[in-house]
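Asker: Fold the following.
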Amino acid sequence: MGLFGSSTPAATEPTLKIAPNRSQRASCWEARDAFFTCLNAHNIIDSIKEVKKAKDVCGSQGVAFEKECVGSWVEYFKKRRVMEYNREQMLKGLQMEGARKVDMPNPVGQAQTTTK
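Answerer: Below is the predicted model:
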């Protein structure tokens, strides 16, 4: 035993994680879409905060979603759904207040197409 803990090789070996292949990603997206369609049908936006209601009405779709997707993807997609909903609501509110879209000559992140 070393100064800072166990010196067994098993404790220091990282676990190898393999990224999902194309068909696994497609299965994940299909399961996600089915789950989100069910949530939409029951007016549930945030399945993290409303977990009990989401499980009650969309339990089988939620189980399939969590089975087909990597755990970090499940969390990401659920949070992204709420973020996109909030974004759309903000944009609708701005439009109702009379806000107009302003065209920017060189949006951040886009290369200039003209030469000097």
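Asker: In contact with residue 36, which residues?
Answerer: Going by C-beta atoms under 8 Å, 6 or more residues apart in numbering, residue 36 touches residue 81. Any C-beta I mention is one placed from the backbone N, CA and C, and that applies to glycine too.
Asker: what's the helix or strand for it?
Answerer: helix 22-41 (DSSP states H and E).
Asker: mean confidence for that helix?
Answerer: Average pLDDT, helix 22-41: 96.
Asker: orientation of the next helix or strand after it relative to helix 22-41 in degrees?
Answerer: Following helix 22-41 in sequence order, the next helix or strand is helix 51-68 (DSSP H and E). Interaxial angle, helix 51-68 versus helix 22-41 (axes from the mean of the first three to the mean of the last three C-alpha atoms, to 10 degrees): 160 degrees.
Asker: residues in contact with helix 51-68?
Answerer: The contact list for helix 51-68 (C-beta under 8 Å, 6+ apart) reads 24, 27-28, 30-32, 34-35, 37-39, 42, 44, 47, 74.
Asker: So which residue is dead centre in this structure?
Answerer: residue 77 (1.9 Å; C-alpha atoms, centre = their mean).
Asker: What's the separation between it and residue 34?
Answerer: 12 Å (C-beta to C-beta, to the nearest Å).
Asker: Same check on residue 66?
Answerer: 12 Å.
Asker: for residue 24, same thing?
Answerer: 16 Å.
Asker: what's the answer for residue 43, then?
Answerer: Relative to residue 34, and taking C-beta to C-beta, residue 43 is found at 17 Å.
Asker: quick one, which of those two is more surrounded?
Answerer: Between residue 43 and residue 34, counting by other C-beta atoms under 10 Å, residue 34 is the more crowded of the two (17 against 9).
Asker: Report how many residues lie close to the closest residue to that one other than its chain neighbours.
Answerer: With sequence-adjacent residues excluded and distances taken as C-beta to C-beta, 6 or more residues apart in numbering, residue 34 is closest to residue 61, at 4.9 Å. Residues within reach of residue 61, counting by other C-beta under 10 Å, total 19.
Asker: and if you look at residue 65?
Answerer: Residue neighbour count, defined by other C-beta under 10 Å, stands at 25 for residue 65.
Asker: That'll do, ta.
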